[in-house]
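Q: test case, fold it:
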Amino acid sequence: MLNDSLVDFFLCLLQRFLVPRADVHVFPSHFFSHLTARGVEDGRAGWENVKGWTKSLDIFKMRHVLLPINAEYHWWLAVVDMGADLALSATWIDSRKGSEERYDIVLHYLQGYLSRERFKGGKPEETASVQLKTILAEVGQQQNGTDCGVFLIENSFQVLKSAGSGPATAAQLNNSWCSQAQARTRRKCLRKTMAILHDAAFTSGLCSVPEMLAGSPDLLKQLKDLWHSA
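A: Residues are numbered from 1 along each chain as shown. Alright, predicted model coming up:
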């Protein structure tokens, strides 16, 4: 299973360089654990734990917000489709479907968080209530206990690719979700990506991936071609 550092690395690589989207926000993998930390009972209280994470960002101007979640040693993806007038929906994209409780917990905290975040905590709570319509997407299911992180990366990739011209909600990407066969292909792609970047770092003497990609259009094209052909 991919660890949190690798999940964050590949999500950042996708959003910033391989499929750059200004209308999609991807939270780091530790966001939800911080939101629910310190014994808070709901997302309204949990907002205080993470209020600085979007200090200079209005996530309600995004098309999608991606939230990677790790629970019970399993990665899955929540995608919030940001609608007008607080008409938001959340799509659960889970390669190993769990009980309703798994999704109810996330919904409970996420609705409270969005209710506070909508006005950055500056309005009375009763005027900032956000209700999410939820959809458990019919997606490919992993056939082992280790590929959940790869499924998460691949499904995030599909959302990012479709965000500009695709359907309004993530749930409508019916034929694009990761399958077990695609997970095997994408896992090879992840390994090759790391090998390419390792060689580029050795050649350039740079340790920073953003610096390497900014200074080498050929390297960036090589990675884009790799990901879009896998």
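
Q: now for residue 56, how many residues are close by?
A: When neighbours are defined as other CB atoms under 10 Å, residue 56 has 5 of them. (Each C-beta comes from the backbone N, C-alpha and C, glycine too.)

Q: contacts for stretch 54-67 next, please.
A: In this structure, residues lying in contact with stretch 54-67 by CB atoms under 8 Å, 6 or more residues apart in numbering are 11, 21, 23-27, 31-32, 77-82, 106, 110, 117-118, 156, 159, 163, 170.

Q: for stretch 79-91, same thing?
A: Outside stretch 79-91, the residues that reach it (CB under 8 Å, 6+ apart) are 59-67, 78, 93, 107, 110, 114, 118, 130-137, 159, 168-171.

Q: any weak-confidence spans in the protein?
A: Low-confidence segments of the chain (pLDDT under 70): 84-86, 121-128, 163-169, 171-172, 174-175.

Q: could you pull out the helices for it?
A: Under the criterion DSSP state H, the chain contains helices at 4-13, 31-35, 43-50, 100-117, 148-162, 180-204, 209-215, 217-229.

Q: and the contacts of stretch 79-91, which are buried?
A: Those of those that meet the buried threshold are 59-60, 62-67, 78, 93, 107, 110, 114, 118, 130, 132, 134-137, 159, 169-171, by 16 or more other CB atoms under 10 Å.

Q: those in strands, which ones?
A: 64-67, 78, 93, 132, 134-136 (DSSP state E).

Q: residue most distant from the centroid, the protein?
A: Distance from the centre of the chain peaks at residue 203, with 31.5 Å (CA atoms, centre = their mean).

Q: what's the spacing between that residue and residue 190?
A: 21 Å (CB to CB, to the nearest Å).

Q: tell me the contacts of residue 146?
A: residue 1.

Q: ramachandran coordinates for it?
A: Per-residue torsions, residue 146: phi -120, psi -20 (degrees, to the nearest 10).

Q: same check, this time on residue 39
A: Per degrees, to the nearest 10, the backbone of residue 39 is at phi 70, psi 20.

Q: skipping adjacent residues, who's closest to residue 74 in space?
A: Nearest non-adjacent residue to residue 74, counting by CB to CB, 6 or more residues apart in numbering: residue 148, 5.2 Å away.

Q: the residue minimising distance to the centre of the chain pairs with what?
A: Centroid-nearest residue in the chain, with CA atoms, centre = their mean: residue 66, separated by 3.5 Å. Here residue 66 sits in beta bridges with residue 26, residue 79, going by DSSP bridges.

Q: residue 8 versus that one, what's the distance?
A: For residue 66, the distance to residue 8 - CB to CB - is 12 Å.

Q: how close does the residue farthest from the centre of the chain get to residue 225?
A: 19 Å.

Q: same deal with residue 60?
A: 35 Å.

Q: if I pick residue 151, what's in contact with it?
A: Here residue 151 is in contact with 75, 95, 139-140, 142, 178, 183 (CB under 8 Å, 6+ apart).
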